[in-house]
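A.B. asks: The following comprises the amino acid sequence and a computationally predicted model.
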Amino acid sequence: MKRVVVTGLGIVSPVGNTLEECWDSVIRGRSGIGRVTSIDLTLDTVKIGGEVKNFDASLYMSDKEARRSQRFVQFACAASRMALDDAGLVLTDENKPDVGVSIGVGVGGMGYLEEQVGIMLSKGPSRVSPFTIPGFIANMAAGMVSIETGAQGPNICPTTACTSGTHALGEALMLIQTGRAKAMIAGGAEAALSHVPYAGFAKMKALCADRNDEPERASRPFDAHRSGFVMGEGAGILVLEELESALARGAKIYCELAGYGMSSDAHHMTSPSPGGEGAVRCMRQALRTAFVAPEDVDYVNAHGTSTEANDATETAALKTLLGSHARKVAISSTKSMTGHLLGAAGGVEAVFTVMALKTGIIPPTINYETPDPACDLDYTPNKAVERPLRVAISNSFGFGGTNGCVAFKRFVQA
């Protein structure tokens, strides 16, 4: 089986529009959550979100395509361009067929679809834009990244709710391992700060609705007073390469993407299985395919949504997976600063996991103030910690009971 390494990172998020800015923000514990300005939430109960600020798509795409593309596509193209530049990977006629794209998207262009439905209902179907379908379908992020970069290899878009970005990374890993590609542009993108998602999640009582006046303190994973997640937007992209190919071109190597797990709870539409049984199977598979033992894990970037059920269940799952080692592992939820980026979460959090492995700095879980008896592990509360890391995993769990986990290892050339 071919070894796969990470050679490039790109990110657009509520805490910054470059890798350097985002990483500096999360290790300093800066929240990117505030009052949403891109849409009018006057009639909604929740008015806060993790909004990307001061973003200019024309820096990363042709002006024409930037104007025609929806926000989630723009984020994907921007983060992909950054990742390729970071990797120093130049696509040529010779290597384009060997480079693919795998970008997960959970919701797609929901805001644009809302707009076009409104036009159809008020003005008739003849006034609907010819860009309606390509404007909201989820795979347009992967499609436009391929068009903009010239990548001609495998092109896929996992759409598995909040696990989309992690599944996209795992599928990219397997495509390289089995020789279907030599490099993959992989991760997640999302821009779902629009009325229907706000209304739907709020009606489910999944969103934090009691901190509109103090948005920076709203996302509080594992804290006893957590009351729901905060929606965010952005994209996180990794350039993954076959080790031999990366070494041949003298690429810098961040780490190795060594393992991938996926499972289904087969339990409930929105609630996790009791004790996180499905998550345990998923994480165990990721470690097994990475050829590492549970006691080798040093850091977990948790799904950690700041909902009562998820955080307690994920804690229980980690205890089952890691046994007594669970109390020695550093855990954090960077969602405490970015909010929950839905389909982009896995990509963005993988970027942070890779950076933690590279730098030995573990980002904190901010807003952790009151311990919860059901969440009693080390969540790296409020302040980053420096520690040598060998193995780190990143978790994502989604509606429908779908689970994903990727395992990264410090790169050691055999």
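C.D. replies: Structure's in. What do you need? Numbering: from 1, shown residues only.
A.B. asks: Pull out the CA atoms of the strand or helix carrying residue 319 and give them to me as PDB.
C.D. replies: Using DSSP states H and E, residue 319 maps to helix 308-322. Only the C-alpha atoms of helix 308-322 are listed here, as PDB (Å, rounded to 0.1, in the frame of the first residue of the first chain):
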ATOM      1  CA  GLU A 308     -25.200  18.300  25.000                       C
ATOM      2  CA  ALA A 309     -25.500  15.000  23.300                       C
ATOM      3  CA  ASN A 310     -22.500  15.200  21.000                       C
ATOM      4  CA  ASP A 311     -19.900  16.200  23.600                       C
ATOM      5  CA  ALA A 312     -20.900  13.700  26.200                       C
ATOM      6  CA  THR A 313     -21.200  10.900  23.600                       C
ATOM      7  CA  GLU A 314     -17.800  11.700  22.100                       C
ATOM      8  CA  THR A 315     -16.200  11.700  25.500                       C
ATOM      9  CA  ALA A 316     -17.700   8.300  26.300                       C
ATOM     10  CA  ALA A 317     -16.500   7.000  22.900                       C
ATOM     11  CA  LEU A 318     -12.900   8.300  23.500                       C
ATOM     12  CA  LYS A 319     -12.900   6.600  26.900                       C
ATOM     13  CA  THR A 320     -14.000   3.300  25.300                       C
ATOM     14  CA  LEU A 321     -11.400   3.600  22.500                       C
ATOM     15  CA  LEU A 322      -8.400   4.700  24.600                       C
END
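A.B. asks: Give the rounded mean pLDDT of it.
C.D. replies: Helix 308-322 shows an average pLDDT of 98 in the prediction.
A.B. asks: mind listing what's buried in that helix?
C.D. replies: 310-322 (16 or more other Cβ atoms under 10 Å). (C-beta placed from N, C-alpha, C; glycine too.)
A.B. asks: ok, which stretches of the chain are strands?
C.D. replies: 4-12, 33-35, 48-50, 99-104, 155-156, 183-190, 234-242, 255-264, 299-301, 330-332, 361-362, 385-386, 391-398, 402-409 (DSSP state E).
A.B. asks: Redo those as a markdown table? Include mean neighbour count, distance to residue 275 and mean pLDDT.
C.D. replies: Shown next, in a markdown table, are those (neighbours: other Cβ atoms under 10 Å; distance: least, Cβ to Cβ, whole Å; pLDDT from 0 to 100):
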| stretch | mean neighbour count | distance to residue 275 | mean pLDDT |
| --- | --- | --- | --- |
| strand 4-12 | 27 | 32 | 98 |
| strand 33-35 | 19 | 30 | 97 |
| strand 48-50 | 27 | 30 | 98 |
| strand 99-104 | 32 | 27 | 98 |
| strand 155-156 | 18 | 32 | 98 |
| strand 183-190 | 35 | 27 | 98 |
| strand 234-242 | 32 | 29 | 98 |
| strand 255-264 | 22 | 14 | 98 |
| strand 299-301 | 28 | 17 | 98 |
| strand 330-332 | 26 | 17 | 98 |
| strand 361-362 | 22 | 26 | 98 |
| strand 385-386 | 14 | 28 | 98 |
| strand 391-398 | 28 | 13 | 98 |
| strand 402-409 | 28 | 13 | 98 |
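A.B. asks: Thanks a lot, see you next time.
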